[in-house]
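Peer 1: Quick one, structure for this:
(chains A, B, C and D)
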Number of protein chains: 2
Amino acid sequence: MRRNLSETCSTFFSTLANPTRLSILELLYEGPKNVTEIAKTLKQEQSLISHNLRLLERCRFVFSERRKKERFYTLNKETIEPLLKIFGYHAKKYCPKKGKCLTQQGLRQQRKRTASAPLYLARQ
Amino acid sequence: MRRNLSETCSTFFSTLANPTRLSILELLYEGPKNVTEIAKTLKQEQSLISHNLRLLERCRFVFSERRKKERFYTLNKETIEPLLKIFGYHAKKYCPKKGKCLTQQGLRQQRKRTASAPLYLARQ
DNA sequence: AGTTAATATGAATAATATTTCATATGAATA
DNA sequence: TATTCATATGAAATATTATTCATATTAACT
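Peer 2: Presented below is the predicted three-dimensional model:
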């Protein structure tokens, strides 16, 4: 299979494809936090947060540094901000129902409606 | 857990987090294609391609329409192009080794090197 | 050195996602 | 309407990922 969009790209998106990690990113918008604080705020186990922070850091969605006993994690806003902006724009346009994506049935129905509509082909 | 970045966001990124689907998106850059052609080009089973196209279409990363017996799929460039641009920028900056992400050991070593470097904290 | 607080790690389990295979459905046309 | 080609679907089998739990490591301080 052609795979020019290499494994890296799929790792990049996989790392964002998890509610726990998205919550962490969201929380870090407020500013740098240590592991314990993140765990408390999100009401999750410390080890769960640590495991997930490691994945986020590997992809450089967050940076970290130790200060005494603690380790502080900081959001990589340069990357995360524009990504979420695109998501927001897309969701607003295409996932109108309370942030829910299209269901299988919704998709089928729309296909019927647009059966004789102008070609998407023509748009390109 | 706080989850303002709702399920939708995690679905959005999950759908991109798969090599088969990324290959499909990459191929559709060239222009609209039908299922059989995608399957042949990627040397994968037709049903695998169909299953994955469905996920892509649910998230509106592609659009589709039937023309006679065939169904043509078209890339949603408006969303996919800027997403991949951000990925490219990020990967170039942070994943220098042939597109590979940092390993666990690489991460540990870098932590040591930057132990006394200026605070990430200071950057915000 | 011993103790405590903060974080990290590994291995087992649980939860999800992907792929395959067999078959169904849809559309065109003889 | 029978046949053929194109696509879709469902269920089972695989593979991958997330979470939990127990414990290790690290750093500071007594």
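Peer 1: Output the below-cut-off pLDDT ranges for chain A.
Peer 2: Residue ranges of chain A with pLDDT under 70: A:1-4, A:96-124.
Peer 1: ok, the residue most central in space within it - contacts?
Peer 2: Nearest to the mean C-alpha position of chain A, by Cα atoms, centre = their mean, lies A:L16 at 3.6 Å. Counting by Cβ atoms under 8 Å, 6 or more residues apart in numbering or on different chains, A:L16 makes contact with A:L22, A:L25, A:F61, A:L83, B:S10, B:F13, B:A17. C-beta coordinates here come from the backbone N, C-alpha and C atoms, glycine included.
Peer 1: can stretch A:39-57 be found next to chain B?
Peer 2: Yes. Contact between stretch A:39-57 and chain B, assessed by Cβ under 8 Å from any Cβ of the partner chain, occurs at A:T41, A:L42, A:K43, A:Q44, A:R54, A:E57.
Peer 1: Quick check: buried residues in that stretch?
Peer 2: Buried positions in stretch A:39-57, judged by neighbour count with 16 or more other Cβ atoms under 10 Å in any protein chain shown: A:A39, A:T41, A:L42, A:Q44, A:I49, A:N52, A:L53, A:L55, A:L56, A:E57.
Peer 1: how far away is the first one from DNA strand C?
Peer 2: Distance, A:A39 to DNA strand C, by Cβ to the nearest atom of the strand, to the nearest Å: 7 Å.
Peer 1: Which pair in the residues of stretch A:39-57 next to chain B has the greatest spatial separation?
Peer 2: A:K43 and A:E57 (21.8 Å; Cβ to Cβ).
Peer 1: So which residues on chain A come close to DNA strand C?
Peer 2: Contact residues (Cβ under 7 Å from any atom of the strand) of chain A with DNA strand C: A:34-37, A:46-47, A:50-51, A:53-54, A:64, A:69-72.
Peer 1: Can you show me the helices along chain A?
Peer 2: Using DSSP state H, the helices of chain A run over A:7-16, A:19-28, A:35-42, A:46-58, A:77-94, A:104-113.
Peer 1: Show me which residues of chain A sit near DNA strand D.
Peer 2: Applying Cβ under 7 Å from any atom of the strand, one finds that chain A approaches DNA strand D through A:14, A:17-20, A:44-45, A:47-48, A:51-52, A:55, A:66, A:68-69, A:104, A:108.
Peer 1: per the record, what domains does chain A have?
Peer 2: A:7-75, A:79-123 (automatic domain parsing).
Peer 1: what are the phi and psi angles of A:G31?
Peer 2: The phi/psi pair for A:G31 (degrees, to the nearest 10) reads phi 140, psi 170.
Peer 1: For it, grab the count of nearby residues.
Peer 2: Burial measure for A:G31: 11 neighbouring residues, criterion other Cβ atoms under 10 Å in any protein chain shown.
Peer 1: coming back round to it: tell me which two of the residues of chain A next to DNA strand C sit farthest apart.
Peer 2: Pairwise over these, using Cβ to Cβ, the maximum falls at A:H51 and A:K69, 19.4 Å.
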